[in-house]
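Student: model the following, please.
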Amino acid sequence: MRFPSRALAVLVLAGAVLLPLPIRPTVINTNQYIVPEGDLFAEDVYAVANRAVIEGRIDGDLSFAGGDVVVTGLISGDLNVASTATVRIEGTVDGSVRGAAADRVEVLGTVTGDLAVASRSVEISGEVGRDVLFFGARLEVRGDVGRDIRGQMLTALIDGNVGNLVDIRLNSLEVGPSTVVEGEIIYRSNSDAAVSNQARLDGGVSRFPATQRFEIELLVRAVTILGFFGFLVAGVALFWLFRSTAPRAVDVIASRPTFTLGVGLAAVVGIPLMATLLVATLVGIPVAALLIALYALAWLFIAPVPSVTAFGDRVLRGRRSLFAAFFVGAIALRVVFWIPWIGAFVGLALFLSAVTWGFGGWLVAAWEQRSAGGGASRTLAPAWMSATDSEEPAPVPDDWEPPLPPAGDV
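Tutor: Predicted structure coming up:
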């Protein structure tokens, strides 16, 4: 189970429980979902409950959202779970286990496929037939893993059998005396692992220094994800608040790219210069502080919106709404950063270009809107978002006559 990047692995893990529904599933919403011993469900099951107990058999997948999950029976398919508590597998899952748990995931029985989870801790004293992918605080492996162990965690204890490679990033690693690893142990940490002399490591142990601590990297990733979703929300809000100016900004960037780039460069350089001149005067200090704050906010959430939308609109060839174009452009910019080796440099260059063009687009569109007036050159979708209270009803035709009253006595 190999992933092109750690970010893609996180996306796959986060979306594991969002699988398409089959044609004929069983959907259950109850306080407790129980499959008693001896009972059989011969189809996929989707359950939302405070607790799920599987003592019987499910011939299909179980997708569960809620609290505790206890499997003492058999699930012949996959277990996709989003738990606010603990997932405990004492029986058999004949497929893979994917999802997240707020507390811990315990494998005391058998998981034939992969174990790909995010939780506070994972404890494996049973068997995982293929790979383990884990993101969380602590990993304990005292049982058997058929192939690879990968992921990021604070601490890990390996004191069982691993069929192939261990490739993890963490703060501290302990390798116990009962460990048998048929491949290599590769770990990224700033501290040496505690390796028992009785452990059998066929491929040896290799340590690489970590560029930064796990907690810092986790914080950086959380800020990155929140910043991306904040940018999406900000873009929708800007199109909603500036229903005429925002579409015009997209159009001027697409139709006059050189001119808007020049205006944007002047704004990017001129605004900090203006703030510096204001700081030189005692009265201008508060104004300069406000200007710098707005300038920083514009860099992150406002300026790139029209240029990103213009790019997305070009990709879609103008056949979709500006909202769709904005989302396509934003996602494309985010994906560029995931390109190995050159993604960070190319993404930064594209972001700077988007900011510069965006400043120019906003300024030119606002000036033209103020000078010439008029509505947006492109409508937004859905239609209710582009409607304004100032729109007047259509004029009444000159030959229109009011209808006659119904015939009969009054």
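Student: wait, residue 67 touches residue 84, no?
Tutor: Yes - contact criterion Cβ atoms under 8 Å: residue 67 and residue 84 qualify, at 5.5 Å. (Each C-beta comes from the backbone N, C-alpha and C, glycine too.)
Student: so for these two, which sits in the more crowded spot?
Tutor: Counted by other Cβ atoms under 10 Å, residue 67 and residue 84 do not tie: residue 67 has more neighbours, with 18 against 13.
Student: direction included, what does the helix or strand where that one lies pair up with?
Tutor: Taking DSSP states H and E as the criterion, residue 67 maps to strand 62-71. In the sheet, strand 62-71 lines up against strand 45-54 (parallel), strand 79-83 (parallel), strand 86-89 (parallel) (DSSP bridges).
Student: residues contacting the shortest one, please?
Tutor: What it means is strand 86-89. The contact list for strand 86-89, computed with Cβ atoms under 8 Å, 6 or more residues apart in numbering, reads 68-71, 79, 81, 97, 99, 101, 103-111, 117, 119, 126.
Student: kindly report the same for the second one.
Tutor: The set of residues external to strand 79-83 that reach it, using Cβ under 8 Å, 6+ apart, is 16-17, 19, 61-69, 71, 87, 89, 93, 95-103.
Student: please check those and keep the buried ones.
Tutor: The neighbour-count criterion (16 or more other Cβ atoms under 10 Å) marks 16-17, 61-69, 71, 87, 89, 93, 95-101 among the contacts of strand 79-83 as buried.
Student: pop the domain breakdown of this protein in here.
Tutor: The chain resolves into domains spanning 6-153, 230-386 when parsed by automatic domain parsing.
Student: and those domains as a markdown table, adding mean pLDDT and distance to residue 163?
Tutor: Below are the domains of the chain laid out as a markdown table (pLDDT from 0 to 100; distance: least, Cβ to Cβ, whole Å):
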| stretch | mean pLDDT | distance to residue 163 |
| --- | --- | --- |
| domain 6-153 | 84 | 5 |
| domain 230-386 | 83 | 27 |
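Student: can you tell me which of the ones you listed is nearest to residue 202?
Tutor: domain 6-153 (14.1 Å; Cβ to Cβ).
Student: how far does the closest one sit from the chain's center?
Tutor: 21 Å (Cα atoms, centre = their mean, to the nearest Å).
Student: just stretch 261-273 next, same as before
Tutor: Stretch 261-273 sits 33 Å away from the centroid of its parent chain (Cα atoms, centre = their mean).
Student: can you tell me the helix or strand for residue 351?
Tutor: Per DSSP H and E: helix 343-372 holds residue 351.
Student: what residues of that helix count as buried?
Tutor: For helix 343-372, by 16+ other Cβ under 10 Å, it's 347, 350-351, 354-365, 368-369.
Student: count of neighbours near the residue nearest to residue 198 when sequence neighbours are not counted?
Tutor: Closest residue in space to residue 198, ignoring its immediate chain neighbours: residue 177 at 3.8 Å, by Cβ to Cβ, 6 or more residues apart in numbering. Applying other Cβ under 10 Å, we find 11 other residues in the vicinity of residue 177.
Student: ok, residue 177 - contacts?
Tutor: Counted by Cβ under 8 Å, 6+ apart, residue 177 has contacts 159, 196, 197, 198, 199.
Student: and it, backbone torsions?
Tutor: Phi and psi for residue 177, reported as degrees, to the nearest 10, are phi -70, psi -20.
Student: and the gap between it and residue 92?
Tutor: Look at residue 177 and residue 92: by Cβ to Cβ, to the nearest Å, they are 29 Å apart.
Student: which residues in the chain form helices?
Tutor: 6-14, 214-241, 245-255, 257-279, 285-297, 304-315, 322-336, 343-372, 383-386 (DSSP state H).
Student: in TSV: those, plus distance to residue 132.
Tutor: Supplementary listing: those in TSV, determined by distance: least, Cβ to Cβ, whole Å:
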stretch	distance to residue 132
helix 6-14	12
helix 214-241	18
helix 245-255	46
helix 257-279	48
helix 285-297	42
helix 304-315	38
helix 322-336	27
helix 343-372	27
helix 383-386	46
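Student: if you compare the ones you listed, which one is most tucked away?
Tutor: Of all the helices of the chain, helix 304-315 has the most neighbours on average by mean count of other Cβ atoms under 10 Å, namely a mean of 26.
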